[in-house]
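Need coordinates for the below:
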Amino acid sequence: MKKNDLIFVFCLTAVTAPFLLWENVMQFYVEALHSHKIAMSFIQFALLATLGESIALRITQGVYNRPGFGLLPRALVWGCLGVVIKMAFSIFAVGTPEFVGHYVYALPEKVMAGAFSIHKLIAAFSISVTMNLMFAPVFMTFHKITDMHILKTGGTLKGFFRPIDFARILQEIDWSVMWGFVFKKTLPLFWIPAHTVTFLLPPNFQILFAAALGIVLGVLLGMAGRKKVPREVEAFA
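Numbering: from 1, shown residues only. From the prediction side, this is the model:
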């Protein structure tokens, strides 16, 4: 283990330890999740999803950050995307069970608020399927655009705030990879099962779990990067 790994582990432990050791810290966190949903969605994704990208970089290139990587712009993008994901979670978590219950399969009222059951599992799976098929492709494409924009502008905050050349970047995206790998494989094999689990959790912890998936995915991406598997899989954490 290198020196930068020891520093990374120490900092990560220092940040997470208070939540595990002191009940009042965890209680403050839970209350913040309930009282400041949008702000906490921003913070959790800005920290955890960006952390996943840094871990992927460490595994593939041996460092947690490098010139041009754009750690701060990536955190800003992930924070904003975290708010959008919170909106999507709220919309699909309410709308999908209503639709399924009326037109597909009879579900109990307020099924997602009850204890685990086969009905709740069906509802959670339905939410995940509709969200990943209707929302995720647009979300992933937008994230890919911002990712390419960050790299093109040198990974700086000043460069990031330049106008995004959407038309040019859309032409430069490898759509065979986006369709053949990102949409066709990662959505049904990873994101739909992962988000099914997400929607079975208490609402206050769904965004935390979704953001934490970015860390897990960062490790998988780092391992896959050595085998030259496309990096676009990270787009929907």
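
Can I get stretch 119-129 as CSV, trimmed to CA atoms?
In CSV, the C-alpha atoms belonging to stretch 119-129 read as follows (Å, rounded to 0.1, in the frame of the first residue of the first chain):
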residue,chain,number,x,y,z
HIS,A,119,-46.1,-7.0,-3.6
LYS,A,120,-43.5,-4.5,-2.4
LEU,A,121,-40.8,-6.4,-4.4
ILE,A,122,-42.9,-6.3,-7.5
ALA,A,123,-43.5,-2.5,-7.0
ALA,A,124,-39.8,-1.8,-6.4
PHE,A,125,-38.8,-3.8,-9.5
SER,A,126,-41.5,-2.0,-11.5
ILE,A,127,-40.2,1.4,-10.3
SER,A,128,-36.6,0.4,-11.2
VAL,A,129,-37.6,-0.8,-14.7
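
how far does it sit from the chain's center?
In terms of C-alpha atoms, centre = their mean, to the nearest Å, the gap separating the centre of stretch 119-129 from the centre of its chain is 19 Å.

Show residues contacting it.
The contact list for stretch 119-129 (C-beta atoms under 8 Å, 6 or more residues apart in numbering) reads 92-93, 96-97, 100, 104-105, 107-108, 111-112, 114, 191-200. Any C-beta I mention is one placed from the backbone N, CA and C, and that applies to glycine too.

Stretch 73-92 too?
Under the criterion C-beta under 8 Å, 6+ apart, residues 37-38, 41-47, 49-50, 53, 127, 130-131, 135, 139, 143, 146-147, 150, 155-157, 159-160, 199, 206-207, 210-211, 214, 237 lie in contact with stretch 73-92.

returning to that earlier point: restricted to buried residues, select the contacts of stretch 119-129 in ChimeraX.
Listed next is the ChimeraX selection for buried residues among the contacts of stretch 119-129, using 16 or more other C-beta atoms under 10 Å:
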select :92,93,96,97,100,107,111,112,191,192,194,195,196,198,199,200
